[in-house]
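> my questions are about this predicted structure, shown below with the sequence.
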Amino acid sequence: MTQKPLLEVEGLKTYFYLDDDMVAKAVDGVDFTVSPGETVAIVGESGSGKSITSLSIMQLIQKPGKIIEGTISLENDNLLKKSGKQMTKIRGNDIGMIFQEPMTALNPVYTIGNQITETLKKHKKLSKKEAHQRAIELLKVVGFPRAEKIIDEYPHQLSGGMRQRAMIAMAISCDPKLLIADEPSTALDVTIQAQILDLLAEMKERLDMAILLITHDLGVVAEYADRVLVMYGGQIVEKASVEQLFENTKHPYTTGLLESLPDIDKEMDRLGAIKGTVPPAHSFPKGCRFSDRCPHVMDHCYESNPELRQVESDHHVRCFLYE
Amino acid sequence: MSLSEQEVREKVTENKENSDHEVLVQAKHIKKYFPIKGGIFKHTVGHVKAVDDVSLSISKGETLGIVGESGSGKSTLGRVILRLLEPTEGDIIFENNDISHLSNRKLRDYRKNMQIVFQDPFASLNSKMSVGELVEEPLLVQTSLSKSERKEKSTKLLERVGLRASDRMKYPHEFSGGQRQRISIARALTLNPKFIICDEPVSSLDVSIQAQVLNLMADLQDEFNLTYLFIAHDLSVVKHISDRVAVMYLGRIAEIAPKGLLYDNPLHPYTQALLSSIPSTNVRRRREKIKLSGDLPSPANPPSGCAFRTRCPYAHERCSVERPELKHYHNGHYVACHLYDGPDT
């Protein structure tokens, strides 16, 4: 990377302190960077820590969770040193976020217009009239043909795809440098999913944003991301450019994920399932966290957890097979 | 109008020839309309046409996949075929017996032959019953087996789907999503059914677990000689498990064909768009996407003529006037689109 990174996450640990003295290490030592204008995808199954990583960046972690270590810098400015008030300014202004379920992320009792203008009035100090004007523009940008009408409608009057468009309009209203998209298309039908992801890619070009895309769908990653982080058990197990990850897959977990997917272009008798299930965050196996499900497991995998090592110029992997 | 009786029969005989199997389940001109109530006296002011004249047949040992977006009527169709919902019109034939007008009491005898596995194993298993009770319950209702026989049979099934005998005493909340889906499958299998409707059985599961459950379902199909109606929105999953695939749009079948034909040579513009919008893991060969504008129209107020015409890139005048019927294209490939209205082959 020649460019100075926009977002730099180093040694991030977010733990949840559960009842009966258990500690869930939801995010356990995560390092990555996002450069300006880049799309970085975090993939993993449920419980891998991908969403907690994104919420940690926004500092939206709630009790009993706590960020206990690490730095999160946006343009060399450590976000973890910010007060709550300063963070409120950064959220929405510098970092925008869209969520999986737009019905729960939008407030049902306010009109779409109300919710977009609220951000604009708060962050951009626009007058009511200016904000209204800008909101209509934004709705047009994200592809509403009848923006003047939609602005007075309530979330329940919109379909899932339209709600997600409205969410995107809100998220980009203050020209954020980074957009965090947490499963933005998961709840949508496949034809609508393609519309929304294409819209995100278009907005990225237009506004020169970076996108941190959280998803479980490797197909979405292959089509839209520049670089990929694969998470398992709260840690990054493989980090590579999208071409490297799909064509030169290293980690047995990534291989397993790819083999579990039915391929529409190929005829397969059986799918290569990974045995077992994702371990809960409070009781990872000792040693490598994937050891109990790994088809290549060796004796010392049960003893110690491998480090994330660089194996090629843009390819890091956490596995003893590559040491 | 709609397919004539004769055409349905032709279709059925053709399937017979294709697969050398007899037909197990047949749906004829199924319609399911849900009334929309309005006004002070809750008059019926309209209908949601969830399923609007669908005919299909499933041969013994076959897996018929149904794909469609939300609101396409695929789940409603599944429930109507099991008579969990009463059809507004149409007949359901199971092993040459018309079951669409049977009383509930008579239907009970058929029910053991037909089971369903639902999408959400968190909602479909009673949380107050232990796993053993859950899997034994169908035996208690439908058979006269003794307690120990029931226990033996249910334990065997639990072990077959990959759980342990000791899991009998546990409750659903102690299991992960994938394990719960295994419990649902064991429960569906207890009465040795011939036909199982799988309604999005893997869509709430992570990919690695999804693969485990799909492999299990394929194994069980061979072992117990099951016939599946597999409903899902994921086209790659449906392709993997099905022999034939039907694509539904707004309550009607747009296209139905053996899977090889449907995926290699999709005819309906909707199927073409669906297939092209699946994100592919092949980073070198990104598919050219056919973009569909807009959302699925409301099934309460579907467009005139062809329901897909509002989003179709090839829509022409005729499409808004005349509704295309499902017609045979060739080799068991049926499509409902005016583009293919050449001489019937």
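Sure, I can see it.

> for chain A, just list every one of the helices.
For chain A, applying DSSP state H gives helices covering A:50-58, A:84-93, A:102-105, A:112-124, A:128-141, A:147-150, A:160-171, A:190-207, A:218-224, A:242-247, A:252-260.

> who's in contact with the first one?
With CB atoms under 8 Å, 6 or more residues apart in numbering or on different chains as the contact definition, helix A:50-58 has outside contacts at A:7, A:9, A:12, A:14, A:26-27, A:30, A:42-44, A:61, A:65, A:67, A:72, A:79, A:91, A:95, A:97, A:180, A:182-183, A:212, A:214, A:231, A:234. Any C-beta I mention is one placed from the backbone N, CA and C, and that applies to glycine too.

> burial count for the closest residue to residue B:108 other than its chain neighbours?
Of all residues not flanking residue B:108 in the chain, residue B:142 sits nearest, at 7.8 Å (CB to CB, 6 or more residues apart in numbering or on different chains). Around residue B:142 there are 14 other residues, counting by other CB atoms under 10 Å in any protein chain shown.

> so what's residue B:142 up against?
Contacts of residue B:142 were listed using CB under 8 Å, 6+ apart, and they are B:108, B:111, B:112, B:191.

> nearest to residue B:299, of those?
Of all the contacts of residue B:142, residue B:299 sits closest to residue B:111, with 28.3 Å by CB to CB.

> so which residues on chain B come close to chain A?
Proximity of chain B to chain A, by CB under 8 Å from any CB of the partner chain, involves residues B:69-70, B:176, B:178-179, B:206-212, B:214-215, B:218, B:233, B:235-237, B:239-240, B:263, B:273-275, B:277-284, B:286, B:289, B:291-292, B:295-296.

> return the subset of these lying in strands.
Judged by DSSP state E, strands contain none of the residues of chain B next to chain A.

> name all residues that make contact with the closest residue to residue A:190 other than its chain neighbours.
Leaving aside its sequence neighbours, residue A:190 sits nearest to residue B:277 (CB to CB, 6+ apart; 5.2 Å). Applying CB under 8 Å, 6+ apart, we find residue B:277 in contact with A:190, A:191, A:193, A:194, B:289, B:290, B:291, B:292.

> hmm, try it at 7 Å
Shown in contact with residue B:277 (CB atoms under 7 Å, 6 or more residues apart in numbering or on different chains): A:190, A:191, A:194, B:289.

> residue B:77 too?
Residue B:77 is in contact with B:30, B:51, B:54, B:66, counting by CB under 7 Å, 6+ apart.

> try it again with 6 Å
B:51, B:54 (CB atoms under 6 Å, 6 or more residues apart in numbering or on different chains).

> give me the pLDDT for it.
On the pLDDT scale, residue B:77 is placed at 95.

> do the one 4 residues further on as well
Model confidence at residue B:81, given as pLDDT, is 94.

> any idea how far it is from residue A:225?
To residue A:225, residue B:81 is 41 Å away according to CB to CB, to the nearest Å.

> of those two, which one has the most company?
Taking other CB under 10 Å, residue B:81 and residue A:225 do not tie; residue B:81 has more neighbours (27 against 24).

> for the more buried one, give its distance to residue A:289.
Per CB to CB, residue B:81 is found 44 Å from residue A:289.

> next: residue B:258.
Applying CB to CB to residue B:258 and residue A:289 gives a distance of 43 Å.

> pick out whichever of those two has more residues nearby.
residue A:289 (26 against 17).

> what residues does chain A have near chain B?
Residues of chain A found near chain B (CB under 6 Å from any CB of the partner chain) are A:45-46, A:159, A:161, A:189-191, A:194, A:218-220, A:222-223, A:242-243, A:246, A:257, A:260-262, A:264, A:270-271, A:273-274, A:277.

> okay, now the unreliable bits of the stretch 201-345 of chain B?
B:285-287, B:342-345 (pLDDT under 70).

> re earlier: of the contacts of residue B:277, closest to residue B:163?
Of the contacts of residue B:277, the one sitting nearest to residue B:163 (CB to CB) turns out to be residue A:190, at 32.8 Å.

> quick one, what contacts the residue nearest the centre of chain A?
By CA atoms, centre = their mean, chain A has its centre lying nearest to residue A:214, at 2.6 Å. By CB under 6 Å, 6+ apart, residue A:214 lies in contact with A:42, A:50, A:54, A:182.

> tell me how far the second one lies from residue A:63.
From residue A:50 over to residue A:63 the distance is 21 Å, taken as CB to CB.
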